[in-house]
Structures are given as structure tokens and as C-alpha cells.
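K.L.:
A structural model of the following input is requested.
(one chain, ligands or ions: 1)
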Amino acid sequence: MPTVSITRKINIKDFIKNGLRPIASTVIKSVWRWIPRSAYLGRSPLKLILAITRKCNANCVFCAYQFAREEDKVHMSDSLFELVLRRIEQAKIEEVMLSPNIGEPLIAPNFIEKVKSLRAVGIKKIELTTNALFLY
Ligand code: SF4
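P.N.:
Reported below is the predicted structural model:
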């Protein structure tokens, strides 16, 4: 008896795009509908990423800093920092990350005082991203 074999090559990219992706999307949408809105609405953030400056004392070749407009390379004003402190206190945020997209936090005016102020409003953990030039 003659046999017929049917083989079909599976293109992985097409399989992911046309097979897996729609299935994953449907599953995620279904699961999302079952999560109560109270689980993610009206809650305070756990952590704040805070750019206390957009100025930098370096000019690394890979960084967007060299393309930033000069008027955008500024320190955060004291009044805005005070407002941020009040909001942190209200929202009971406990972690701050001093990591601007561009800029070096250690050159922000009164850096130590700013850290002390953050601690005074209840921040328990402060992370810092720095180019470390000031630490030499
Ligand atoms: S922000 Fe960071 S990466 Fe960019 S120039 Fe300054 S030190 Fe370099």
C-alpha cells in the first residue's frame, strides 16, 4: 500500500507572530480582567526615581547628555525639591533612587542636605547612580 507523508516546515518567526503572540495576548487580557482594580489603582508608588539634576560633570560618548538642549541641563529647583519632599511624606514612599536619565546627582547643590531631607521625611533606602568622579 502506498504511503503519503506530509511534512510542513515550521517557520519559527511566523509561529511566534501568528501562533504564540495572539494566544499570549488573549491569556493576558483574560487574566487582567480578573485582577481587582483596587490592586493597582489608588495605591502609592513604592519607590521614586528622582532626578535632582540634569547636569553632568562628564560627557561620555555613548550618552544622550551630549544631545540634550542646554536649557534642559539644569538642577532641580529648591522649591520643586520641597514639593517632592511633601509628596513623598504624604504618599509614605520609603525608597528613592537618585538616578536621572542624564546627569550626575553628586554635583547637585546641597547634595548631602538633600539626602538628609529625604531621610527626614521617611525615606529608608536611597540608591544612587553616579559616575563616581567626585569620589576620587
Ligand atoms: S549622565 Fe552619566 S553617562 Fe551621561 S555623560 Fe554623565 S556620567 Fe556619562
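K.L.:
Which residues are in contact with the residue sitting nearest the centre point of the chain?
P.N.:
Nearest residue to the geometric centre of the chain (C-alpha atoms, centre = their mean): residue 49, 6.5 Å. Going by C-beta atoms under 8 Å, 6 or more residues apart in numbering, residue 49 touches 96-97, 99. (C-beta placed from N, C-alpha, C; glycine too.)
K.L.:
which one of the residues you listed has the most neighbours?
P.N.:
residue 96 (24 neighbours; other C-beta atoms under 10 Å).
K.L.:
On the three-state scheme, that one is what?
P.N.:
What DSSP: H, G, I helix; E, B strand; the rest coil gives for residue 96 is strand.
K.L.:
Kindly provide the distance from it to the ligand.
P.N.:
18 Å (C-beta to the nearest ligand atom, to the nearest Å).
K.L.:
mind checking how far residue 53 is from residue 127?
P.N.:
For residue 53, the distance to residue 127 equals 16 Å [C-beta to C-beta, to the nearest Å].
K.L.:
Mind checking which of these two has more residues around it?
P.N.:
Taking other C-beta under 10 Å, residue 53 and residue 127 do not tie; residue 53 has more neighbours (21 against 11).
K.L.:
Report the beta-bridge partners for the more buried one.
P.N.:
Judged by DSSP bridges, the bridge partners of residue 53 are residue 75.
K.L.:
And the pLDDT at residue 22?
P.N.:
Listed pLDDT for residue 22 reads 86.
K.L.:
That one belongs to a helix?
P.N.:
Yes: membership of residue 22 in a helix is supported by three-state DSSP.
K.L.:
Before I go, just wanted to say thanks for your time.
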